[in-house]
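In: model this:
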Amino acid sequence: MDRVSSSMKQVSNPLPKVLSRRAGGGGLEAERESFERAQTVSINKAINAQEVAVKEKHARTCILGTHHEKGAQTFWSVVNRLPLSGNAVLCWKFCHVFHKLLRDGHSNVLKDSVRYKNELSDMSRMWGHLSEGYGQLCSIYLKLLRTKMEFHTKNPRFPGNLQMSDRQLDEAGENDVNNFFQLTVEMFDYLECELNLFQTVFSSLDMSRSVSVTAAGQCRLAPLIQVILDCSHLYDYTVKLLFKLHSCLPADTLQGHRDRFLEQFRKLKDLFYRSSNLQYFKRLIQIPQLPENPPNFLRASALSEHISPVVVIPAEASSPDSEPITDLVEMDTASQSLFDNKFDDIFGSSFSSDPFNFNSQNGMNKDDKERLIEQLYGEIAALREELENFKAESARGAVQLRGRASELEAELAEQQHLKQQAQDESEFLRAELEELKKQREDTEKAQRSLTEIERRAQANEQRYSKLKEKYSELVQNHADLLRKNAEVTKQVTAARQAQGDVERERKELEDSFQRVSEQAQRKSQEQAEVLDTLKRELAASRQELQVLQSTLESSTQAGAEQSTRIAGLEQERDSLRLAAERHGEKVAALQTELQQLQDMLSREQESSKMELETLQTQLRDKEGEEQALQRRLAEEQFALLQGTAQEAERMVQDALSRLEDPAHIGCTGSADCLLSRTLAASECVERLRDAHSKYLSNHAAVGSLLPCLALFAHLVSDTLLQGSATSHMAPMEPADRLLEMCKQCGSKAVSYLSALQDPGTVEGADCSLVTACLRQISAIGEELRPRGLDMKQEELGDLVDKEMAATAAAIETAAARIEEMLSKARAGDTGVKLEVNERILGSCTGLMQAIHVLVLASKDLQREIVESGRGAASPKEFYAKNSRWTEGLISASKAVGWGATVMVDAADLVVQGKGTFEELMVCSREIAASTAQLVAASKVKADKDSANLCKLQQASRGVNQATAGVVASTKAGKSQVEEKDSMDFSSMTLTQIKRQEMDSQVRVLELENQLQKERQKLGELRKKHYELAGVAEGWEEDTAE
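Out: The predicted structure is shown next:
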């Protein structure tokens, strides 16, 4: 209101119409009413039945309206009055506008729109029945909008435009791997709906023409801008989430995620490439290009190579239609001052104070006033146009700057992300380097300690060897002394007085020897043998002493003689005693050195023992950790097996519950489809048994068991449902047996899967009962197979050739009979009858020739199909492999031959005057239908670029033209005959005419009654023919599949 008042003050003579529109806008109700009126106008202009793109200014007005009222109540109140279910273009433009509101509108738009989710689903199903035009497009777009609302309802952290930072993305998953796993699946579903709409729009356009420059093409392509914006964010978030999941979960668990991502990556890359080449998108949006190869999720460092796709809306996207609508009196102060300055420059300041010169215009005439007013209006319009251009340029500049800013922000975010990744990687490498350095230092210390121990052991060995040599020398000296002592004792045997001395010396020697032996015992085990030798020598010495004593006693008598020699012997004894003492000192010194060496050796052994115990403790810790990890791995593997078995059990339980569902009663199936499903399930059970045995022998082989369990549950569930559907078409007793066996098979499968979930019963789980149930189901399916399908391969292949040859022969016979009838008619008929018969028989001859050409073309095409499709197999094997197609050929050939024969018979009766023209027309139409069936049967497996297929299609058109000729000639002949046989009522009386009239009315009623009965009979015959043809040609099986 302030701007209005300021504008009124600045403009001396405002326009009355503008003031009258703004006069009542003071209250809240008036403002609300004005807002609703403006919104209604903008929504109706944006959503209309014209096949043109939605104008950006109307869509922007709707978006601003949601922010103004903080919701979408006004939008839905207007949309609910539009006939969206009656006009596909209107519904398509509604989807476009609603998509923009969900992306750029107020956050409460989603809350206000959730209540209409069921209506959108019903409308999607309704438009899905329309296969042409905008029907399928509207159906898929409505499914996308419903998916978008469900996604944002489940994940309220995601805004409508899907713009989030990496930190917000982590917060959305709450740092829980299960949440990230589920979020990735939901994003896959969301992106799948976006890609379906993308592909459907492109497939509905004729890309051979420049559809993007036409109004109709732009109407279909305009919503894809919103789809491109959504797809770029969904692709980026999916890549980041998959890298996060691969860092927490095994690669085998995420195999399904990777396969689904690769499929969507190829589709999205192709669609982005195709969109970037369209002229319409080049001026509105800058579409990013995806990398040549998809990311490698098995390599964690590949995340640093990922570049987030950024969609840029260039400045050229602004168009004149997208400029905001500004009222004359709602110009801001700056615009008004600019207007005043322009006005002063043109007319002067004095004229600005009195722009219309009312004070001095008394002398001016009316024409000058009008001319001046028109001039002023022109100036005002020029200034307004200049102002609008200035606003447009400023808006374009702002849009360009915003686009550049968004691009720079994206590049900055990408550089920051790369910097963060580089820092993380450098920290990880630094930690690894420190750990390697520590390990290297520990290894060097261990090597140094081992070298020192070896050096010390070598030195001890050397000392021990030297000590051993000295000890052996001492033993040798001691032995010499003992020998000398023996000689001395022999010499003093005669001296009794010297006996005590000798005994004392012997005792001293024994004491010294005992001390030496005791010292020797404290040495190593190697010296024990030497000590034993010394003991034996000592015992020998004692024996010798005893001998010497006896000799001494015996030689007492000769003591006197030896007394002279005692003095010399005593001197020698003293010298020997001195030598023994010196040797004793040497032995004591050696014993001291030996004791030191033994102490040093014991200390080295204790240090080595302590180091060995430390290493053994570390080894035991490592073994304990390894065992704990192995137990944890076994527990996780069994948890995976248990979770997969639970999911498989739920699938089979769901299939069992659907057997009792009343909605499933209308589903039907064939025995052949049941047999194929049963065979696949049996093979899967065998693979499951092998995988189970491998798992029992080695729990690490759980990776091969999990896929088998999933496939087992799927195939068993499919077999149960197919068996139930087959029982609905089977007789009572086999149907009951089949249904009961399906239930028993499902219960056995559930029991087997339950056993796999318990650690105590997993080894005893056996799936042989499921195999037995599948065999019984297969046996019942064999009983229910149609008998017409039991034909052997040789009979089927020969039957095709026989039927084609019989058809050609029947056509040639029919052509010959027609020629014969034509010659008879020319010989026996005259006048109108001859003319009629010649015309009819000539058209029949032309039809037979066209059919003959068609049969030959069909045989050539059939031969080409067999040669191109049989490979190394024989033609009979090819016919047997494609039995349904072969039976279609046989049926079509029989119909053509039978139709030709019947038509010739009908023509013969017509020529003879015994038949009717209607019968001939019906026969010609029937044979045309039979040839069409033959063309369809031959065409179904042919190559679309085949030359024989072109010949067959040309022959089919010739048959249609010949059939039309037969019908036309028959009708013309009938009219000629009726004109000839016209009745003459000129000679009849009034009574006769009345009687004839009554007879005619009775005849008409009878014919109408007969016509109604014949139509009912024709309907029943066609119904029965359809049923028999379905049984013979396997239509029910094709429908079930």
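In: okay, CA-based contacts and neighbour counts for the rest of this
Out: Noted.
In: where do the helices of the stretch 651-800 of the chain begin and end?
Out: Secondary structure of the stretch 651-800 of the chain (DSSP state H, counting those that start in this stretch): helices at 671-697, 702-727, 732-757, 768-784, 793-828.
In: how much space is there between R925 and V836?
Out: Using Cα to Cα, to the nearest Å, we find R925 at a distance of 20 Å from V836.
In: meant to ask about S768, not that
Out: 77 Å.
In: looking at these two, which is more packed in?
Out: Neighbour count, other Cα atoms under 10 Å: between S768 and V836, V836 has more, with 22 against 15.
In: shouldn't G217 be in contact with L205?
Out: Yes. Taking contacts as Cα atoms under 8 Å, G217 lies within contact range of L205: 7.3 Å.
In: quick one: which of the two has more around it?
Out: Per other Cα under 10 Å, whichever of G217 and L205 has more neighbours is G217, with 20 against 16.
In: in what helix or strand does that one lie?
Out: Using DSSP states H and E, G217 sits within helix 215-221.
In: same question for that helix, mean pLDDT?
Out: Helix 215-221 comes out with an average pLDDT of 87.
In: could I get the buried residue list for that helix?
Out: By neighbour count on 16 or more other Cα atoms under 10 Å, the buried set for helix 215-221 is G217, Q218, C219, R220, L221.
In: output those residues as TSV; include the columns distance to K622.
Out: Shown next, in TSV, are the buried residues of helix 215-221 (distance: Cα to Cα, whole Å):
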residue	distance to K622
G217	70
Q218	69
C219	69
R220	66
L221	64
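In: quick one: L615 from H664, how far?
Out: To H664, L615 is 70 Å away according to Cα to Cα.
In: run a quick neighbour tally on A850.
Out: A850 has 20 neighbouring residues, counting by other Cα under 10 Å.
In: which residue sits closest to it, ignoring its sequence neighbours?
Out: Sequence neighbours aside, V959 is the residue nearest to A850 in space, at 5.2 Å (criterion: Cα to Cα, 6 or more residues apart in numbering).
In: can you pull the contacts of that neighbour?
Out: Residues in contact with V959 (Cα atoms under 8 Å, 6 or more residues apart in numbering) are L847, A850, I851, L854, A928, T931.
In: for it, report the pLDDT, please.
Out: pLDDT at V959 comes out at 77.
In: in which helix or strand would I find E292?
Out: Assigned by DSSP H and E, E292 belongs to no helix or strand.
In: so how far is stretch 380-396 off the chain centroid?
Out: 53 Å (Cα atoms, centre = their mean, to the nearest Å).
In: got the phi and psi for Q286?
Out: Here is the backbone geometry of Q286 (degrees, to the nearest 10): phi -100, psi 110.
In: leaving out sequence neighbours, find the closest residue to it.
Out: Spatial nearest neighbour of Q286, chain neighbours left out: V312 (5.0 Å); criterion: Cα to Cα, 6+ apart.
In: nearest spatial neighbour of A713, skipping sequence neighbours?
Out: What sits nearest to A713 in space, not counting adjacent residues and going by Cα to Cα, 6+ apart, is A648, at 5.0 Å.
In: ok, the one you found - contacts?
Out: L709, A710, F712, A713, H714, L753.
In: how about a cut-off of 10 Å?
Out: 642, 654, 709-714, 716-717, 749-750, 753-754 (Cα atoms under 10 Å, 6 or more residues apart in numbering).
In: can you check T678 too?
Out: 672, 684, 715-716, 718-720, 722-723, 771, 773-778, 781.
In: V1002: how many residues sit nearby?
Out: 12.
In: switch to numbering from 11
Out: Okay, residue one is now 11; in that scheme the one you just asked about reads as V1012.
In: didn't R70 look like it was pressed against R113?
Out: No. Under the criterion of Cα atoms under 10 Å, R70 is not in contact with R113, lying 11.9 Å apart.
In: shared neighbours, those two?
Out: V107.
In: chain center to stretch 1001-1008, what's the gap?
Out: In terms of Cα atoms, centre = their mean, the centre of stretch 1001-1008 is set 83 Å apart from its chain centre.
In: before we move on, what about stretch 61-77?
Out: With Cα atoms, centre = their mean as the basis, stretch 61-77 stands 36 Å off its chain's centre.
In: and S522, what's its pLDDT?
Out: With respect to pLDDT, S522 scores 63.
In: how about E773, nearest residue that isn't a chain neighbour?
Out: Using Cα to Cα, 6+ apart, the nearest residue to E773 is L706, at 6.6 Å.
In: roughly how far apart are the one you found and A649?
Out: Distance from L706 to A649, counting by Cα to Cα: 15 Å.
In: repeat for S680
Out: The spacing between S680 and A649, counted by Cα to Cα, is 39 Å.
In: which one of the two has more residues nearby?
Out: Using other Cα under 10 Å, the more surrounded residue of S680 and A649 is S680, with 28 against 13.
In: surely the more buried one is in contact with A735?
Out: Yes. Counting by Cα under 10 Å, S680 touches A735, with 7.9 Å between them.
In: D246: which of the helices of the stretch 661-810 of the chain is closest?
Out: For the helices of the stretch 661-810 of the chain, the distance to D246 is smallest for helix 712-737, at 29.3 Å, taking Cα to Cα.
In: now do whatever helix or strand L1017 lives in: which elements does it pack against?
Out: For L1017, the host element (DSSP H and E) is helix 1000-1043. Where contact means 3 or more Cα pairs under 10 Å, 6 or more residues apart in numbering; DSSP states H and E, helix 1000-1043 is packed against helix 893-922, helix 1045-1050.
In: can you give me how far that helix is from the chain middle?
Out: Distance of helix 1000-1043 from the chain centroid (Cα atoms, centre = their mean) equals 60 Å.
In: for it, what is the average pLDDT?
Out: pLDDT averaged over helix 1000-1043 gives 76.
In: next: stretch 652-672.
Out: On average, stretch 652-672 scores 84.
In: and that stretch, which residues are buried?
Out: Across stretch 652-672, burial judged by 16+ other Cα under 10 Å covers 652, 654-659, 661-663, 665-666, 668-669.
In: now swap in stretch 769-776 and tell me
Out: For stretch 769-776, the neighbour count (16+ other Cα under 10 Å) marks V772, A775, D776 as buried.
In: again, but for stretch 741-748
Out: Buried residues in stretch 741-748, counted by 16+ other Cα under 10 Å: A745, L748.
In: same question for stretch 819-833.
Out: Neighbour count says stretch 819-833 has A820, I821, E822, T823, A824, A825, R827, I828, E829, M831, L832 buried, by 16+ other Cα under 10 Å.
In: show the average pLDDT along that stretch.
Out: The pLDDT scores in stretch 819-833 average 73.
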